[in-house]
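1. build me a structure from this.
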Amino acid sequence: AVLEKKLNDAKQVLQGLQGSDDTIAIRDATAMVERGRRNLLREPNLPKGDTMPVKLWTWKLGTIVFIGIPSEPFAEIQLVLRERFPQYTIIIGTLCNGTDGYMMPEKDYGTGLYQEWISPAGKGCLEVAIEALTAEIENL
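-> Numbers count the residues shown, from 1 in each chain. Okay, here's the model as predicted:
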């Protein structure tokens, strides 16, 4: 109900701007409608509670490690894993078997980025994924 109200409020703002010459306000209002629509569509698929399990896949073929992530992690994940495992070529596929939102570094939370606003994953998710992948690559 809260998400539906936010979406309806955003739609009303956009409707109020129709016919105006304020292209920036129309652009921003359109973006807010889209964000509201995405949140509403994603909500039924989110787990209940304070944690969100994310499945990560890893494969090793010779000196190449393939990683599949159902999210869009920030580039830091590649930088850290490649630094930790210079003996491997690491290839990361994002949005594999799902769309769990963004994975941001802890330092970027609270800065007002869209990725924080739209993502169901919380602060520390990127670092947890990096550590889980590090352990997985060590075991391959």
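
2. all helices for this structure, in order.
-> Applying DSSP state H to the chain gives helices spanning 2-17, 23-42, 76-84, 114-118, 125-139.

3. list the contacts of M104.
-> Contacts for M104 were tallied using CB atoms under 8 Å, 6 or more residues apart in numbering; they are F74, L113, Q115, E116, S119, A121, C125, L126. All C-beta spots, glycine's among them, are computed from the backbone N, C-alpha and C.

4. R84 versus the nearest residue to the second one once chain neighbours are set aside, what's the distance?
-> In other words, L113. Closest residue to L113 apart from its sequence neighbours, by CB to CB, 6 or more residues apart in numbering: M104 at 7.0 Å. Using CB to CB, to the nearest Å, M104 is found at 20 Å from R84.

5. where does this protein dip in pLDDT?
-> When the per-residue scores of the chain are filtered using pLDDT under 70, the ranges that remain are 44-47.

6. separation between the residue nearest the centre of the chain and Y88?
-> Using CA atoms, centre = their mean, the residue of the chain that lies closest to the mean C-alpha position is Y102, 1.2 Å off. As judged by CB to CB, Y102 and Y88 stand 25 Å apart.

7. got it, and V54?
-> According to CB to CB, V54 and Y88 sit 22 Å apart.

8. could you do T111 as well?
-> Summarising the geometry, the distance separating T111 from Y88, computed by CB to CB, is 32 Å.
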